[in-house]
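After the sequence you'll find the predicted model.
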Amino acid sequence: MGRLLRKEVNPKLNNFDYLYVWGTTVASAAKSIVPDKVPQIFNIVADPVGAGLVQSAESSGGNIAGVTNEIPLPLQVQTALKIVPFRRLGLLFNPREKNSMLVRDKLSEVAPRSRFEIVDLRSPPAEDMLQANLQKLKNKSVLVDAVYLPPDSFLVSNAQLIGSELRAAKIKSIASIETFIEKGALMGVVPDYRELGKAAAMIVHRHHQGAKLKDMPVRAAKNLCGTSRALNVKVPEAFLKTAVTVE
């Protein structure tokens, strides 16, 4: 990523009106490596403040603005508990990704209030740790009632594997983004990517009208998607009425 930004992007900055970046890892690298003379618009970043992209949710403080895909963890957890009661929640996460660690910290704050225990399943992209953890879940050497899937770039790139293995193990899974659901996760309160794209377009529109990026708040999608797949789970009627899509 660093090599691509230095060799392919920096020499061509005069050709760009904006730099549009997708995901926490890419957005953080771009902010660090690419000079800020070109406005940067980020999207699909769960915690822009925690990741150091902006100074606050109310104003970016620089030549950058963007959209968060974060759904408040208390909302995700409380919705999931209505469908999948759990006391031991497995957490697949990549300790090398800052976004993943931020989610882990937030989930640790929610856990005591909602009376569940977090079972860490550290899955960095090395030594087949992800596959090893999925195998432990399948053979029941690690016992959990459900698994939470954070918006982690490495995990998302392996969504097909994760979805198929968790389904094979008959383990209920709670997704933070729609990709996991598309690949087999049970359910999730997740952002609508079309709405996130519209929110990013609105930032560009406002900038063209004279608004300064440094004064813009972080935007978010207005619509959420609630999605479920069958694992012999009965979805409450109240959830179905509030969901945008149900599969």
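Now that the structure is in, tell me what you want to look at. Numbers count the residues shown, from 1 in each chain.

Next, name the residue at the spatial heart of the chain.
Here the mean C-alpha position of the chain is nearest to the C-alpha of P151 (Cα atoms, centre = their mean), at a distance of 2.6 Å.

Where does pLDDT dip in the chain?
222-247 (pLDDT under 70).

Go again with 50.
Across the chain, the ranges flagged by pLDDT under 50 are 227-233, 239-247.

hmm, back to that, would you mind confirming that the residue nearest to the centre of the chain is in contact with E178?
No. With contact defined as Cβ atoms under 8 Å, P151 does not reach E178; the gap is 10.3 Å. C-beta coordinates here come from the backbone N, C-alpha and C atoms, glycine included.

how about the helices in this protein?
Along the chain, counting by DSSP state H, helices occupy 2-4, 24-33, 73-83, 98-114, 129-138, 153-157, 159-168, 178-182, 193-208, 237-242.

Using TSV, please lay out these together with distance to L91.
Converted to TSV, those look like this (distance: least, Cβ to Cβ, whole Å):
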stretch	distance to L91
helix 2-4	29
helix 24-33	17
helix 73-83	12
helix 98-114	6
helix 129-138	10
helix 153-157	11
helix 159-168	13
helix 178-182	13
helix 193-208	24
helix 237-242	23
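
In TSV, list these along with mean neighbour count.
Compiled in TSV, the helices of the chain are given as follows (neighbours: other Cβ atoms under 10 Å):
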stretch	mean neighbour count
helix 2-4	10
helix 24-33	20
helix 73-83	17
helix 98-114	17
helix 129-138	17
helix 153-157	18
helix 159-168	18
helix 178-182	21
helix 193-208	16
helix 237-242	10
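
so which of these gets nearest V49?
Among those, helix 98-114 comes nearest to V49, with 9.6 Å by Cβ to Cβ.

how far out from the middle of the chain is that closest one?
Centre-to-centre, helix 98-114 and its host chain are 13 Å apart (Cα atoms, centre = their mean, to the nearest Å).

okay, now the domains of the protein?
Using automatic domain parsing, the domain ranges for the chain come out as 2-69+193-221, 73-190+225-242.

Could you give the separation between the terminal residues of the shortest one?
When you say that, I think you mean domain 2-69+193-221. 29 Å (Cα to Cα, to the nearest Å).

which ones are touching I33?
Residues near I33 by Cβ atoms under 8 Å, 6 or more residues apart in numbering: G2, L5, R6, N10.

hmm, 6 Å instead?
The contact partners of I33, by Cβ atoms under 6 Å, 6 or more residues apart in numbering, come to L5.

just to revisit the earlier point, of all the helices of the chain, which one is nearest V54?
That would be helix 24-33 among the helices of the chain, by Cβ to Cβ, at 9.5 Å.

Could you measure from the closest residue to S164 other than its chain neighbours over to Y148?
Spatial nearest neighbour of S164, chain neighbours left out: G184 (5.9 Å); criterion: Cβ to Cβ, 6 or more residues apart in numbering. Using Cβ to Cβ, to the nearest Å, G184 is found at 15 Å from Y148.
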